[in-house]
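> okay, structure incoming, though there's no sequence with it:
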């Protein structure tokens, strides 16, 4: 199944699993979480908000699965390196593994120090604030998913925490310098992602696609490209994915990643050489050499996402749990296994039920993707996070991935604008060859219509047949070139506007919604 069949997949799924059934399964998961949290924490004082928080945490996790995970697998699906079903299975497995294996025992509950929890003296007020933050972030993600806009989970939860924090203790509670960094990330993340993705794609085009001998160029450069991908992803996973198991500095992680890349290079080179011998000397065939790397990229990106963003997204639930169990407020708390399980399983359920909509948006509705473009986007996602983390720049993995999609789309647009002269010349050649073909056919008909065979120039007839065959081949080729030129699709401006608008309003929208929910809870709890 490829991206072109997603609509049929959605229709078929809706026939067997209609919207009501999907909603019922989602509600069933939240009910299971509610019952489990009630039976396991029923003896705790003030356990009502822990149970409510667990339900909201499950709702939040499902929305992460429906929205955020698309960034990891969308390009691979859009390029047809993965089927939609295969992408969902891979993402579900590796998101869960990332959360359980490398999710970590301790995280900053108040993401990136967005507020100072010490300014909230009353644990009950703090619990209300975290409950409001969790629900508002989940509601915003739900809305973004419904309109097909991939937004940052981290920014959603930051906005929620900021809004409820301000409602609880005033504007002084917010670390405004951190907010400034988050605003900067709206520009830095997609810009870096777009530039790096476009850079890799331009290199591939220049060194492989624009060459006469594409097969020879592929044999030379594809093993290096796969090795570079191995280096970047190994370093990325060591630094970001397993940092809770073992912490290594950038230099050590990059050395280990380089050693892995060298081994991968010598492993894949003979495989690429053998596979390339069976390919035709065209772009479509060369694209297939990137299929397997893209599958691994989707898996590794999902693992790293599960290890990082999942734990951060359910941080407020961990904060509620800690505040109720220990009757105090802490900036750093342990994440219990059951909280991590709510996050991991919720993501899987949300991905399976509602994920295809955003996978389709990222994979096909911004620009047309193939394997080379998807490879460039995957490289940008990992490479940008590494570079930005070393430079201390705030970035969003969602914005990087979608920025990478923008980058390859705008590069295609730029390169194609420079090829207009080539397209015009192709059209001229097509008309010229077609005119010549028509003239030859007319001459042939006249020669064949001569009744006096002694006057027939048979040598000319044979010559015309050969020339006509040649011209027919040229006309077919010219027609294909013109058709290909006309079929090129660029970045869809409506999609760009919608996504960028959603990015800009994510933090303030989640903050306003969170403050409103906090005041509603406060009004209910305080007569």
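Sure thing, it's come through. A quick note: this is a predicted structure, and the numbers were derived from the prediction, not measured. Numbering: from 1, shown residues only.

> can we go C-alpha only for contacts and neighbour counts from here?
Noted.

> okay, now residue 496: neighbour count?
Using other Cα atoms under 10 Å, residue 496 has 18 other residues around it.

> same question but for residue 29, I mixed them up
Residues near residue 29, counting by other Cα under 10 Å: 19.

> do you know how far it is from residue 68?
Relative to residue 68, residue 29 is positioned 19 Å away (Cα to Cα, to the nearest Å).

> ditto for residue 382
16 Å.

> which sections of the stretch 351-500 of the chain are below the confidence cut-off?
Counting by pLDDT under 70, the ranges of the stretch 351-500 of the chain that qualify are 392-394, 417-430, 433, 447, 451-458, 461-462, 464, 475, 478-490.

> now the helices for the stretch 201-350 of the chain?
Listed in chain order, the helices of the stretch 201-350 of the chain (DSSP state H, counting those that start in this stretch) span 214-236, 250-277, 283-287, 291-313, 315-326, 337-360.

> nearest to residue 40, out of these?
helix 337-360 (10.2 Å; Cα to Cα).

> and that closest one, which residues are buried?
For helix 337-360, burial by neighbour count (16 or more other Cα atoms under 10 Å) applies to 339-360.

> what's that helix packed up against?
With contacts taken as 3 or more Cα pairs under 8 Å, 6 or more residues apart in numbering; DSSP states H and E, helix 337-360 sits against helix 6-16, helix 19-41, helix 48-67, helix 70-78, helix 84-102, helix 291-313.

> out of these, which gets the lowest mean score?
When these are compared on mean pLDDT, helix 6-16 scores lowest, with a mean of 49.

> and after the helix or strand hosting residue 388, which helix or strand comes next?
Taking DSSP states H and E as the criterion, residue 388 maps to helix 371-391. Heading C-terminal from helix 371-391, the first helix or strand you meet, by DSSP H and E, is helix 397-417.

> and the contacts of that next one?
The contact list for helix 397-417 (Cα atoms under 8 Å, 6 or more residues apart in numbering) reads 68, 71-72, 75, 150-152, 186, 189-198, 201-202, 362, 366-368, 373, 376-378, 380-381, 384-385, 490-491, 496.

> repeat the analysis, applying 7 Å as the threshold.
Residues from elsewhere that reach helix 397-417 (Cα atoms under 7 Å, 6 or more residues apart in numbering): 68, 71, 151-152, 189-191, 193-195, 197-198, 201, 362, 367, 373, 377, 380-381, 490-491.

> again with stretch 138-145
Against stretch 138-145 from outside (Cα under 7 Å, 6+ apart): 59-60, 63, 66-67, 150-151, 358, 510.

> and those residues, which two are furthest apart?
Greatest spacing in the contacts of stretch 138-145, by Cα to Cα: 358 and 510 (19.7 Å).

> count the residues that sit near residue 170.
When neighbours are counted by other Cα under 10 Å, residue 170 comes out with 13.

> swap that for residue 62, sorry
Residue 62 sits with 31 neighbouring residues when counted by other Cα under 10 Å.

> what sits closest to residue 290 if chain neighbours are left out?
Of all residues not flanking residue 290 in the chain, residue 371 sits nearest, at 5.8 Å (Cα to Cα, 6 or more residues apart in numbering).

> give me the distance between the one you found and residue 72.
In terms of Cα to Cα, residue 371 sits 14 Å off from residue 72.

> neighbour-wise, which of the two wins?
Just comparing residue 371 and residue 72: by other Cα under 10 Å the higher neighbour count belongs to residue 72, 29 against 26.

> if I look at that one, how far off is residue 324?
Per Cα to Cα, residue 72 is found 35 Å from residue 324.

> now residue 23
30 Å.

> show me the contacts for residue 132.
Neighbouring residues of residue 132 by Cα under 7 Å, 6+ apart: 164, 514, 517-518.

> can you rerun that using 10 Å?
Residues counted as contacts of residue 132 (Cα atoms under 10 Å, 6 or more residues apart in numbering) are 53, 56, 126, 138, 160-161, 163-165, 316, 510-511, 513-521.

> burial measure for residue 446, as a count.
Residues near residue 446, counting by other Cα under 10 Å, number 11.

> what helix or strand is it on?
helix 420-448.

> and the angle from the longest helix seen in the chain to helix 397-417?
Longest helix of the chain, by residue count under DSSP state H: helix 493-525. Orientation check (axes from the mean of the first three to the mean of the last three Cα atoms, to 10 degrees): helix 493-525 against helix 397-417 gives 170 degrees.

> other SSEs contacting helix 493-525?
Contact here means 3 or more Cα pairs under 10 Å, 6 or more residues apart in numbering; DSSP states H and E; on that basis helix 493-525 packs against helix 123-146, helix 153-169, helix 176-204, helix 397-417.

> go again with 8 Å.
Counting contacts by 3+ Cα pairs under 8 Å, 6+ apart, helix 493-525 packs against helix 123-146, helix 153-169.

> can those helices go into JSON lines with extra columns for distance to residue 177 and mean pLDDT?
What follows is those, written out as JSON lines (distance: least, Cα to Cα, whole Å; pLDDT from 0 to 100):
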{"stretch": "helix 123-146", "distance to residue 177": "20", "mean pLDDT": "90"}
{"stretch": "helix 153-169", "distance to residue 177": "13", "mean pLDDT": "90"}
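
> between the ones you listed, which one is nearest to residue 101?
Among the helices and strands packed on helix 493-525, the nearest to residue 101 by Cα to Cα is helix 153-169 (20.5 Å).

> contacts for the closest one, please.
Residues from elsewhere that reach helix 153-169 (Cα under 8 Å, 6+ apart): 64, 68, 110-111, 114-115, 119-120, 125-126, 129-130, 132-134, 136-138, 140-141, 172-174, 182, 309, 312-313, 396, 506-515, 518-519.

> just the buried residues of that helix, please?
Residues of helix 153-169 classed as buried: 153-169 (neighbour count, 16+ other Cα under 10 Å).

> what's the neighbour count on residue 88?
For residue 88, the neighbour count with other Cα under 10 Å is 23.

> use 43 as the first number for this chain going forward.
Okay, using 43 as the starting number, the last item reads as residue 130.

> my guess is it meets residue 393, correct?
Yes - the criterion here is Cα atoms under 8 Å, and residue 130 meets it with residue 393 at 6.9 Å.

> list the contacts for the residue most central in space within the chain?
Taking Cα atoms, centre = their mean, the centroid of the chain lies closest to residue 113, which sits 1.6 Å from it. Neighbouring residues of residue 113 by Cα under 8 Å, 6+ apart: 192, 401, 404, 440, 443-444.

> and these as TSV, adding distance to residue 329?
Below are those laid out as TSV (distance: Cα to Cα, whole Å):
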residue	distance to residue 329
192	27
401	21
404	19
440	25
443	20
444	21
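
> pick the one among the residues you listed closest to residue 122.
residue 401 (12.2 Å).

> looks like that closest one contacts residue 115 (just checking).
Yes - between residue 401 and residue 115 there is a contact at 7.0 Å, judged by Cα under 8 Å.
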